[in-house]
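Trainee: Fold the following, please.
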Amino acid sequence: MGTTKRQILLLAFVLVVVSCPVSGQTEGDVRLKDGPNAYEGRPEIFHDSVWLSLCSTFSNYYVPGTICKQLGYQSQAAVSYVSNSYGKAPGEIFGQYISCTSYSTNVSQCSMTDRQDNCDPRYTLGVSCNTSEYTPTYMFMR
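Mentor: Purely as a prediction, here's the structure:
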């Protein structure tokens, strides 16, 4: 094979590799950011190819437990913080009200309702999936 053909094949291979998304995230994935450990932090949801923080006033009682279940923790140990305990959202905030049930195991199973108002960054949701003891899900200011 000539040098020109090899160069063309190499260029084609590089273009294919560079143009293929390899992020590994899918719509509705969740993660906890900026916490002191792996099981607590500011929850973010992957939506429209972007990670978005959640607003504490845009989520119901069962959202923290659902996030913990989706991440592989027990939902009974979920604690929700409503006053950006893990810092303000660095970017956009998810603009939908999330309503989960006690049976939800993934946020994609929760109902989403568009919100016309914006969430004040002071009310970024914080979640702890504390696995060391049983703590019922509740919300409080930190």
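Trainee: what bits of the chain have low per-residue confidence?
Mentor: When residues are selected by pLDDT under 70, those of the chain lie in 1-23, 131-142.
Trainee: residues near Q109, how many?
Mentor: Using other C-beta atoms under 10 Å, the number of residues around Q109 comes to 14. Glycine gets a C-beta too; all of them are placed from N, C-alpha and C.
Trainee: Test my guess that it contacts C100.
Mentor: Yes. Counting by C-beta atoms under 8 Å, Q109 does reach C100; the two are 7.2 Å apart.
Trainee: what do these two both touch?
Mentor: Residues touching both Q109 and C100 (C-beta atoms under 8 Å, 6 or more residues apart in numbering) are T66.
Trainee: Please verify my assumption that G95 contacts R115.
Mentor: Yes. The criterion here is C-beta under 8 Å, and G95 meets it with R115 at 5.4 Å.
Trainee: Could you name every residue contacting both of those two?
Mentor: With C-beta under 8 Å, 6+ apart, G95 and R115 have common neighbours F58.
Trainee: For the protein, just list every one of the strands.
Mentor: In the chain, the strands defined using DSSP state E lie at 30-37, 40-47, 50-53, 78-81, 96-99, 111-114, 126-129, 139-140.
Trainee: G72 is nearest to which of those strands?
Mentor: With distances scored as C-beta to C-beta, the stretch of these nearest to G72 is strand 126-129 (8.7 Å).
Trainee: Tell me who's in contact with C100.
Mentor: C100 neighbours (C-beta under 8 Å, 6+ apart): 59-60, 62-63, 65-66, 107, 109-110.
Trainee: Among those residues, pick out the one closest to S128, please.
Mentor: Nearest to S128 among these, with distances taken as C-beta to C-beta, is G65, at 11.4 Å.
Trainee: and that closest one, how many neighbours?
Mentor: Using other C-beta under 10 Å, G65 has 26 neighbouring residues.
Trainee: ok, for it, nearest residue in space, not its chain neighbours?
Mentor: S75 (3.4 Å; C-beta to C-beta, 6 or more residues apart in numbering).
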